[in-house]
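1. Predicted structure and sequence below. I'll ask about it afterward.
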Amino acid sequence: MIETIWKKRKNKGETPGAAALLAEATGLSPAMAALLARRGYDTPEKAMAFLEPDVLDFHDPFGLPDMQRAMDRLVAARDKGELVCVHGDYDADGTTGVAILMKYFKQVGIKAFYEIPNRLEEGYGLNNAALDRIAEKKADLVLTVDNGIAAHDQAKHCAGLGMDLIISDHHECQGELPEALAVIDAKRPDSAYPFSELCGAGVALKIVQALDMALGLDSDLEEYIECAAVATVADIVPLVDENRIITFYGLESMNSGALNRGVRALIEVSELTEVSAGSLGFVIGPKINAAGRLGEADRVVELYLSEDDGKAQNIAAYLRNENKERQQIEQDILELARKQAEDQGLDKKGVMVVAGEGWHPGVIGIVASRLQEIWYRPAIVIGIDDKGVGKGSCRSVEGFNIFDALSSCGELFLNFGGHAQAAGFSIEADKIPALDAALNAYGDTVDLKHLLVKPMYYDGVLERAEISETLVEELSQMEPCGVGNPGPVFMMGPLTMENAKKMGSDKRHLMFSVSPYRCVGFGMGEILDGGDGGQFSILCKPEINCFRDKKSVQLLIKDIKRSPFSDNMEAWKLVERIRRAPLEALPELTLSSEEFSKITLDRNILADLYKRLVRLPAAGIQFDVIVRKFEVYNRLRLLLALNVLAEAGLIVFKLRRGLLTCQCLEAKEKRDIEKTPLMVKLRALEKAQAAPADEG
């Protein structure tokens, strides 16, 4: 199991007492009210708007920058019979956005065709060759979807060809805006639009909404919302505000009989009986993206625009098969990459760099993500072509900026780009060893090894008495969940396992009881290798389990840890985290007030320990013997005390395989134990523990 650290999600600004007032006003359970309040929905109005999304809460599309100017031009194009080219990206977001606009343009009589670059031949975004092709088709106006915000040279080229350009994008602006007729992007520095996290297809939906208003129509936009929902989830934008409304209504439409033939066909070939945000992201989205990864994104637009059920089924089946091919390619490369990592011991290095000849550039990003998940460290996968040039894809871990890491050795690349958590580059194959060395050297300078502990986030502490079917039903109202609105996770503990056992054909999974609830942890069976004694804490999600037509609440375990009070290794890890962390970023101890009182240190406890250590045999003593013999000490308190005394220069100790050996040093001057680094941190943790607890 990957080493993890638990962190409570940040409080998004609730006011003191808000959870109790929210529970009283809405009738929600205290646990649900606390969850909503912590996430910023701390009034009945905010909570109900979140729990019951409404299309009436869509923002005015004309609030987007340049929307009025764009609408004037599109209406003029319609009235004059001009030809419009919709230029989109090749991923699920871009292709869906193109389809939304093409379908609506046909509905309102705007003559249009579309252009999507071939990922393998042209790469991302607007390019001059594509603009030349568009001009040859006599287009008067080019409208981008999900790209264009950085197309400065291309905007000038477009003007030189006599075509107007409207850019619609959702990416960050890079300096000055391109010289276009209109630039619709909520991330523009001068934007006053109240929500900046729409995906490209979401912006396309806002264009449809604005154009419908500009034309004085009142069209039913449900089918367009349905399509936008697919892209919103697939593009991994935050599922809050307008994105939540889009996804909520899109899923509702799909589950009551999808209006768009293409979406309906994708649901059918995926054999889904119910569509959720999860199935959009992990089942349907990959089928759409597969076409773009393999250079055939046009098929996706054809699917969305199909007016024949048979044709839609054929294209959906084709995309399913393409995705299976992509999955097989991905799996083959993943197996090669894993073997390379294991054979060369790369899982012991800070940054993992693997490379192979002929590895498909369309899937190396997915493989990098899988390696990062398996070993939780920055992973770089490089596919080398027949010209000796490698294309690399990078995925990082929280706290390690992979773009900065690449920048530190930028001279090695033919080109590179990206952001903190994901990046890409091109490099000559013979420079890959130098890249490996440079990135790991950079990792050493920023103390990367201390970032290789996976953070696991939870919403609050859940008491056993708060668990019920009603709570599970309330938590289901948090759907659709995803980035920006993660599924609720709670911490429980300390707990004692009952009837613990491994399950599954390979005994990889864990099952035990915390009366009266069953707990299930997939891939967590190895926790029992150390026995089921002692106490544990869990991160979990309450859910309904249906078995033989009987419904019951069970706890789906997201992570499990032995208590640092009953397990030496967990105690050691926790003390090391406190020692390594800067004072301003101390780790959360996830201890109750009662547990915290068992680790506090004072002068009397430290003096007593020092006297006992003076009398310690030279050969040492088993650590567990001290814990058993002296009631005042538990594993965690004893380790903390030993480290404080060592920092004060009073002892030198070693703890190996459970044997404690110690040398007491002569103090030539008085030592102020309160000023030792660890004691200062413990006092800071005490102060934080004593502060009024957050609601939830």
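-> Nice, I can see it.

2. buried set for the lengthiest helix in the chain?
-> Longest helix in the chain, counting residues (DSSP state H): helix 309-343. Buried residues in helix 309-343, defined by neighbour count with 16 or more other Cβ atoms under 10 Å: 311-316, 318-320, 322-323, 326, 329-330, 333-334, 337-338, 340-341. (Glycine included, C-beta is placed from N, CA and C.)

3. Show the average pLDDT along the helix or strand that that helix is followed by.
-> Per DSSP states H and E, helix 309-343 leads on to strand 352-357 as the next helix or strand towards the C-terminus. Strand 352-357 shows a mean pLDDT of 96.

4. before we move on, what about stretch 566-573?
-> Taken as a whole, stretch 566-573 carries a mean pLDDT of 89.

5. cool, stretch 432-440 as well?
-> Across stretch 432-440, the average pLDDT comes to 96.

6. where in the stretch 51-200 of the chain is pLDDT low?
-> Applying pLDDT under 70 to the stretch 51-200 of the chain picks out residues 119-123.

7. Helices along that one, start to end?
-> Taking DSSP state H, counting those that start in this stretch as the criterion, the stretch 51-200 of the chain carries its helices at 67-80, 92-108, 128-136, 152-160, 200-214.

8. want to try CSV for these, with mean neighbour count as columns?
-> Supplementary listing: the helices of the stretch 51-200 of the chain in CSV, determined by neighbours: other Cβ atoms under 10 Å:
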stretch, mean neighbour count
helix 67-80, 18
helix 92-108, 26
helix 128-136, 16
helix 152-160, 18
helix 200-214, 25
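
9. would you turn those into JSON lines with distance to C540?
-> Below are these laid out as JSON lines (distance: least, Cβ to Cβ, whole Å):
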{"stretch": "helix 67-80", "distance to C540": "45"}
{"stretch": "helix 92-108", "distance to C540": "32"}
{"stretch": "helix 128-136", "distance to C540": "50"}
{"stretch": "helix 152-160", "distance to C540": "50"}
{"stretch": "helix 200-214", "distance to C540": "33"}
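
10. Please name the residues that touch the residue nearest in space to the middle of the chain.
-> Central residue of the chain (Cα atoms, centre = their mean): V483, 5.9 Å from the mean position. The neighbourhood of V483, defined by Cβ atoms under 8 Å, 6 or more residues apart in numbering, consists of I236, V237, P238, L239.

11. can we see that at 6 Å?
-> For V483, the set of contacting residues under the criterion of Cβ atoms under 6 Å, 6 or more residues apart in numbering consists of I236, P238.

12. Report the buried residues of stretch 504-515.
-> Counting neighbours by 16+ other Cβ under 10 Å, one finds that the buried residues in stretch 504-515 are H509, L510, M511, F512, V514.

13. if I look at the spatially closest residue to R261 that is not a sequence neighbour, how far off is Y318?
-> Spatial nearest neighbour of R261, excluding adjacent residues (Cβ to Cβ, 6 or more residues apart in numbering): A312 at 4.2 Å. Using Cβ to Cβ, to the nearest Å, one obtains 11 Å as the distance from A312 to Y318.

14. helix/strand/coil for L22?
-> L22 falls in the helix class when you classify it by DSSP: H, G, I helix; E, B strand; the rest coil.

15. Neighbours of it, how many?
-> Using other Cβ atoms under 10 Å, L22 has 26 other residues around it.

16. ok, E666 to N289 distance?
-> When distance is defined by Cβ to Cβ, E666 is 68 Å away from N289.

17. And L639, by the same measure?
-> For L639, the distance to N289 - Cβ to Cβ - is 48 Å.

18. Repeat that for V363.
-> 10 Å.

19. Now E669, what are its backbone angles?
-> The phi and psi values for E669, taken as degrees, to the nearest 10, are phi -150, psi 160.

20. Give me the pLDDT value at it.
-> Reported pLDDT at E669 in the predicted model: 80.

21. quick revisit: could you list which of the buried residues of stretch 504-515 belong to strands?
-> Using DSSP state E to define strands, the subset of the buried residues of stretch 504-515 located there is H509, L510, M511, F512, V514.

22. which stretches of the stretch 401-550 of the chain have low pLDDT?
-> Across the stretch 401-550 of the chain (using pLDDT under 70), nothing gets flagged, so there are no ranges to list.

23. The stretch 551-696 of the chain: helices as residue ranges?
-> Counting by DSSP H, counting those that start in this stretch, the stretch 551-696 of the chain has these helices, from start to end: 568-580, 593-597, 603-614, 623-629, 635-647, 677-690.

24. By mean pLDDT, show me the worst of these.
-> Minimum mean pLDDT among the helices of the stretch 551-696 of the chain: helix 593-597, a mean of 84.

25. Now do that helix: which elements does it pack against?
-> Packing contacts for helix 593-597, counted by 3 or more Cβ pairs under 6 Å, 6 or more residues apart in numbering; DSSP states H and E, involve no helix or strand.

26. Buried residues, it. List them.
-> Of the residues in helix 593-597, those with enough neighbours to count as buried (16+ other Cβ under 10 Å) are E595.

27. List of residues touching it?
-> Applying Cβ under 6 Å, 6+ apart, the set of residues contacting helix 593-597 is Q689.

28. One more: stretch 241-258?
-> Around stretch 241-258, the neighbours that count as contacts under Cβ under 6 Å, 6+ apart are 53, 195, 222, 225-226, 228-229, 232, 237, 239, 264, 274-275, 480.

29. From what I see, M163 and T144 are in contact.
-> No. Counting by Cβ atoms under 6 Å, M163 does not reach T144; the two are 11.9 Å apart.
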